[in-house]
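**Q** sequence and computational prediction follow.
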Amino acid sequence: MSRKGNTDEAVAAILAENERRKAEINAKFNPITGEGSVGERVKVTIEDMPEDLRTQWLPVQMMDNTLVRQIITAGGLRAFIEDSLGCEPEPGIIESTARQFIQVRSRYDFPFWAATFAYIKPKGGGKEILFRISKPQRKLLAELEKMRIENRPIRLILLKARQWGGSTLIQIYMLWLQLMHEVGLNSLVVAHVRDTAIIIRKMFERVITRYPAWMLHDVSEQFNENEEKLEGVGGSTNIKKIPQRDCMIKVGSAERPDSARGDDYNLVHCSEVGVWKATDNKTPEEIVQSAISGVTDAPLTSIVYESTAKGSGNFFHREWLDAKAGYSDLAAVFIPWYEIPWDSRKLKDPEAFAHWLYANRNKTSADNVRSEPGSYLWKLWNKGATLEGINWYVHERKKHTKHATMASEAPSDDIEAFTFAGRKVFDDEDVERLRGSCKPPKIVGEIYGRADSGAECLENIRVRKEEDGRLKIWQDVEKDTDDERVTNRYLVIVDVCKGMSAKADLAVIAVMDRFWMMDGEPPTVVAQWRGHIEMDRLAWKAAQLAEYYNHALLVIESNTLETNNTRGQADYILTLVREVYDNLYARKSDNTSNDVREKAPIRYGFHTNVLTKRTIITNLQTVVRERLYIERDEMCLEEYKVYIENEKGGFEAPSGYHDDILMTRAIGMQICLFEMDMPRIIKLSSLRAAPKVISEATM
């Protein structure tokens, strides 16, 4: 088939997929009937309900309610009143029963309750409207509801693009818990500044002022339609009480830490945490801890951190990384810009746009500072954006001179949201192609010798399985035999940790197997040790692992040793190891005149400086792109994805991320491909059996 034919087929497939994506975005959602709403639903018909409620899609959990089951079984309100209550279906009783049904549904069905009773002010002004949740809000709600329905404490961190109502959803959801689920739940919202706190407080006042009084009481209770639904507390302007529910709503700001104290609060929402600044000698961490200190670990309690990303390495970023990794009890939720329906721009000619997008999919350079290369726009398509969404992005990008500022407002993934400055070193698609070979290790444990240091540490070396061990082994060593050994097979690389703090990079010892390079196959990562450890102990641990893997070449990255200690101390540590482990990598001489004249001593270890780092990272780019090695650890791929070249031309992991695993691959592949001889099988038996030839030359 011709190239034009291939292109036409690809464009046709793009257009078909685009229609499917738009249909999904615009799928029917009716919060009143429940059609297309959040959660698992059951379709029911109740003939004498109001017209718009005769056919409803009800939450499946609601089917366990006795009243609901009886009304559905009876087929209508009148039949239920006659059969179950034994009364005449008079208008007053019908209305009372309908209200009771609505109260029950409101307790199970947040979208219905919000679209029926919660009035909000629309963006851009205008009359107050009922709160009908949007598609991205429904995604967030699904996460909140999953925890509530499972009777778990609600714990969540939300990373968001701007202007889709994530914070509004969280605040009104907390109010729903207060009004519909349990008496006495107190809520606290901490905004980043006082002006925002005032806006949030007015939003709560608006919802509660227009909230019907009958919804605050059981059907059998007497009430006054004009009763007060919101009271002040102790003369405070930022605390209000809903007397019928015996609960308080407090709204404070991070710039006034005293207003953000939690005390006896059950529901806490910390808004725009990424832009909080230290104030009154209090850090964002301290303000958050003060806010959540009173929240118990119980159902129907909530702690939610929410923000757009404003830089990396701050409190919000660290909390996000920990939640994403599963280290904390917060569920991590990210909403990319292309899931926001209004981030879309109509196309005059969708087919022409699809042709242009496909034709430029491999173009890696942008036309100007206010545009993105075609390869990036193609990635957006592969992530799930519609053509109309990409068209919006192209036009919106013209407002920004840097990708970084656009990414902070409209991120396509969480990594992009936090990675502001710099150019990504590794292409995501190249990195993802390495994932197919990643897998869980066969052994998790630790390596031990007769001692922890010195010559005895290399005796009686063994690996012991331990659940919390820091050593992962994907392929155990294949020991040389009495008859055969393989030269230059295993390579052990060490990246030294930069300190012992929890925030510092960890030390990494990586083991590569080069055996199959003899047949033209790539080397493979077969083992890895990772953890915090003192530098001298790390050196001995690495020597043990190198000895275990058939006395492998041991390469220790030495500039951290030489930076964190004096050069003499660094040389001392490496020299101690060299005295008992003779297969230690020594870097080449700088070949300066002084070195030659003074016969400079051997420098052990691989020194990573500006020149060598550019060399090994440039080589690693090629290695990753061409898949010149086999990776086993998915954590390494995550380091590749965030690694950047900064504005000064240096390579680094952004603040809050690590590059310790990556550096072992960079150093290892440089030495593996360019400095080590090819592995070779040596038959020892044939060498021993070879007859000694005596000649005149040997004599």
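**A** Yep, that arrived. Since we're looking at a predicted model, the values are computed, not measured. Residues are numbered from 1 along each chain as shown.
**Q** hey, let's count contacts and neighbours off CA atoms from now on
**A** Noted.
**Q** show me what the longest helix anywhere in the chain is packed against.
**A** Longest helix in the chain by number of residues (criterion: DSSP state H): helix 3-25. Contacts defined by 3 or more Cα pairs under 8 Å, 6 or more residues apart in numbering; DSSP states H and E place helix 3-25 against helix 350-359.
**Q** so which elements touch the helix it packs on?
**A** helix 3-25, helix 374-383, helix 387-397.
**Q** quick one: mean pLDDT for the second one?
**A** By that I understand helix 374-383. Here helix 374-383 scores 94 as its mean pLDDT.
**Q** got the contact list for that helix?
**A** Helix 374-383 is contacted from outside by Leu357, Tyr358, Asn360, Arg361, Asn362, Lys363, Thr364, Ser365, Ala366, Leu387, Ile390, Ser412, using Cα atoms under 8 Å, 6 or more residues apart in numbering.
**Q** which positions in that helix come out as buried?
**A** Using 16 or more other Cα atoms under 10 Å as the test for burial, helix 374-383 gives Gly374, Ser375, Tyr376, Leu377, Trp378, Leu380, Trp381.
**Q** which of the helices and strands packed on helix 350-359 sits most buried?
**A** Comparing the helices and strands packed on helix 350-359 by mean neighbour count (mean count of other Cα atoms under 10 Å), helix 387-397 comes out on top with a mean of 20.
**Q** and for that helix, what's in contact with it?
**A** 18, 338, 343-347, 350, 353-354, 370-372, 377, 380-381, 403, 406.
**Q** from these, list just the buried residues.
**A** 18, 338, 343-345, 350, 353-354, 370-372, 377, 380-381, 403, 406.
**Q** quick check: next helix or strand after the longest helix of the chain?
**A** strand 41-45 (DSSP states H and E).
**Q** packing partners for that following strand?
**A** Here strand 41-45 is seen to pack against strand 55-59 when contacts are counted using 3+ Cα pairs under 8 Å, 6+ apart.
**Q** now the strand it packs on: mean pLDDT?
**A** The pLDDT scores in strand 55-59 average 95.
**Q** kindly export it (C-alpha atoms) in PDB.
**A** This file holds the C-alpha atoms of strand 55-59, laid out as PDB (Å, rounded to 0.1, in the frame of the first residue of the first chain):
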ATOM      1  CA  THR A  55     -38.200   6.500  36.300                       C
ATOM      2  CA  GLN A  56     -35.000   6.700  38.500                       C
ATOM      3  CA  TRP A  57     -31.600   5.100  38.500                       C
ATOM      4  CA  LEU A  58     -30.900   4.700  42.200                       C
ATOM      5  CA  PRO A  59     -27.700   3.800  44.000                       C
END
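**Q** helix or strand right after it?
**A** Following strand 55-59 in sequence, per DSSP H and E, is helix 66-74.
**Q** so which bits of stretch 298-310 are buried?
**A** Residues of stretch 298-310 classed as buried: Leu300, Thr301, Ser302, Ile303, Val304, Tyr305, Glu306, Ser307, Thr308, Ala309, Lys310 (neighbour count, 16+ other Cα under 10 Å).
**Q** who's the fourth one bridged to?
**A** Same thing as Ile303. Arg155, Val268 (DSSP bridges).
**Q** tell me how far it lies from Val288.
**A** Note on Ile303: its distance to Val288, by Cα to Cα, to the nearest Å, is 10 Å.
**Q** name the residues contacting each of the two.
**A** Residues touching both Ile303 and Val288 (Cα under 8 Å, 6+ apart) are Cys270.
**Q** please enumerate the strands of the stretch 551-699 of the chain.
**A** For the stretch 551-699 of the chain, applying DSSP state E, counting those that start in this stretch gives strands covering 553-556, 586-587, 603-604, 644-645, 651-652, 680-683.
**Q** quick one: low-confidence parts of this protein?
**A** Scanning the chain with the threshold set as pLDDT under 70 gives 1-5, 279-281, 311, 419-422, 498-504, 560-571, 588-601, 685-699.
**Q** in it, which residue is most central in space?
**A** Lys324 (4.0 Å; Cα atoms, centre = their mean).
**Q** tell me the domain ranges of this structure?
**A** With automatic domain parsing as the criterion, the domains of the chain are listed as 1-23+343-420, 27-117, 134-338, 478-681.
**Q** dump the ones you listed to CSV, plus distance to Arg433.
**A** Shown next, in CSV, are the domains of the chain (distance: least, Cα to Cα, whole Å):
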stretch, distance to Arg433
domain 1-23+343-420, 14
domain 27-117, 33
domain 134-338, 21
domain 478-681, 8
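**Q** show me the contact partners of the host helix or strand of Met406.
**A** According to DSSP H and E, Met406 maps onto helix 403-409. By Cα under 8 Å, 6+ apart, the residues outside helix 403-409 that reach it are 161-162, 308-310, 370, 372, 397, 400, 416-421.
**Q** in helices only, show me these.
**A** Within the contacts of helix 403-409, residues falling in helices by DSSP H are Arg397, Glu416, Ala417, Phe418.
**Q** who wins for most neighbours among the residues you listed?
**A** Neighbours here mean other Cα atoms under 10 Å. Within the ones in helices among the contacts of helix 403-409, the largest count is held by Ala417, at 26 neighbours.
**Q** who touches that residue in this structure?
**A** Contact analysis of Ala417 by Cα under 8 Å, 6+ apart lists Thr308, Ala309, Ala407, Ser408, Ala410, Pro411.
**Q** at 6 Å instead, please
**A** Ala309, Ala407, Ser408, Pro411 (Cα atoms under 6 Å, 6 or more residues apart in numbering).
**Q** over to Glu466?
**A** Counting by Cα under 6 Å, 6+ apart, Glu466 touches Gly445.
**Q** go on, Pro522?
**A** Leu628, Tyr629.
**Q** what does the one 4 residues further on give?
**A** Shown in contact with Val526 (Cα under 6 Å, 6+ apart): Trp474, Gln475, Val511, Met512.
**Q** which strand or helix spans it?
**A** Taking DSSP H and E as the definition, Val526 sits inside strand 524-531.
**Q** mind checking how far the next helix-or-strand element following that strand is from the chain centre?
**A** The helix or strand immediately downstream of strand 524-531 is helix 535-548, counting by DSSP H and E. On the basis of Cα atoms, centre = their mean, to the nearest Å, helix 535-548 sits 33 Å off its chain's mean C-alpha point.
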